[in-house]
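> Build me a model:
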Amino acid sequence: MKKIEDISLVIYARLNSQRCPNKMVRPFANSTLLDIGIKKVLSSKIIPKKNIYIGVYEKKLIDIAKKYKVNIYKRSKKSAESEGFPVSKYYEFWNKIPFKNVVMLNVCSVLLDIKTIDQFIRTYLKTSSRGLFAVVSKKNYFWNNKKNLITKAPKKKSTMNTKYLDSMYEAAHCLQAGKLSDIGQDIWMGKYLKKNDPELFTIPEDEAFDIDYEWQFKVAESLYKNKFKIK
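Residues are numbered from 1 along each chain as shown. Reported below is the predicted structural model:
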């Protein structure tokens, strides 16, 4: 069983999103995505504040992080411009912060609740799996790139009613956890070769709403304002 003292929580942020430029620092519901994310994790009931790191490179992001009592990891320009591979170069902090494990939070999933984050951390503390990955449960029909149905359809059902299907799981990309030493070997969360490698953690579908495009930024802001009664 892991110890909370050995787990860091890292928010990794950058400005050079091509699909939704400057989304981290643009006005969002009278705040910014990075501000909201930092405030959220500071309200955690399980992760110590001293374990929280904000990994940023650009001055605008550093200035936001400096407003809060959090550790700031000054990531390199190369890391900020990378697309995430290899992971040892992207998550370059793996051997520079004094922890054994890391929980990565994507603040673009702005509807993600702190209770869900805390439960994710509790689950990671207990699991013996190499990593933990947030997913959304789906019941739907899927085809591969050859247009062959890959969903196991129920027998003796003449309509495509999804309520008869077994659940499938879609990556949420908002919460991930793994060993820092694994990152040094270019392994992130697991080797994806067997069950629980990494282990999956199901979250509510609405909390997984991610902002990648302009239309998602606008929709997320509307949903966020409605959820928290912000005018």
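
> The most centrally placed residue in the chain - nearest residue in space that isn't next to it in sequence?
The chain has Cys174 as the residue nearest its centroid, 1.9 Å off, counting by Cα atoms, centre = their mean. The shortest distance from Cys174 to any non-neighbouring residue, by Cβ to Cβ, 6 or more residues apart in numbering, is to Ser109 (3.6 Å). For every residue, glycine as well, the C-beta is placed using N, CA and C.

> end to end, how far does stretch 22-38 reach?
17 Å (Cα to Cα, to the nearest Å).

> ok, now stretch 133-152?
End-to-end distance (Cα to Cα), stretch 133-152: 24 Å.

> List the contacts of that stretch.
Stretch 133-152 is contacted by residues 120, 153, 160, 162-163, 165-177, 189, 198-205, 208 when judged by Cβ atoms under 8 Å, 6 or more residues apart in numbering.

> Give me the next element, helix or strand, following the helix or strand hosting Lys115.
In the assignment (DSSP states H and E), Lys115 maps to helix 114-126. Using DSSP H and E, the helix or strand that follows helix 114-126 towards the C-terminus is strand 132-138.

> Tell me which strands that following strand pairs with, and in which orientation.
Strand pairing for strand 132-138, determined by DSSP bridges: strand 168-179 (antiparallel), strand 199-202 (parallel).

> In the protein, what residue spans correspond to strands?
7-12, 52-56, 71-74, 101-105, 132-138, 168-179, 199-202 (DSSP state E).

> Determine how far the last one lies from the middle of the whole chain.
Same thing as strand 199-202. 12 Å (Cα atoms, centre = their mean, to the nearest Å).

> What is the least confident helix or strand in the chain by mean pLDDT packed up against?
The helix or strand of the chain with the poorest confidence is helix 77-81; it has a mean of 92 (mean pLDDT, DSSP states H and E). Helix 77-81 is packed against helix 87-90, with contacts defined by 3 or more Cβ pairs under 8 Å, 6 or more residues apart in numbering; DSSP states H and E.

> buried stuff in the helix it packs on?
Judged by neighbour count using 16 or more other Cβ atoms under 10 Å, the buried positions of helix 87-90 are 87-88, 90.

> Give me the below-cutoff pLDDT ranges for this protein.
Residue ranges of the chain with pLDDT under 70: 156-158.

> at 50 instead, please
The model of the chain has no residue with pLDDT under 50.

> And stretch 172-189, what's buried?
Neighbour-count burial for stretch 172-189 [16+ other Cβ under 10 Å]: 172-180, 182-183, 187-189.

> Out of these, which is nearest to Lys231?
Distance to Lys231 across the buried residues of stretch 172-189 (Cβ to Cβ) is lowest for Cys174, with 26.3 Å.

> Isn't that closest one up against Asp210?
Yes. Between Cys174 and Asp210 there is a contact under Cβ atoms under 8 Å: 6.7 Å.

> Before I go, just wanted to say thanks for your time.
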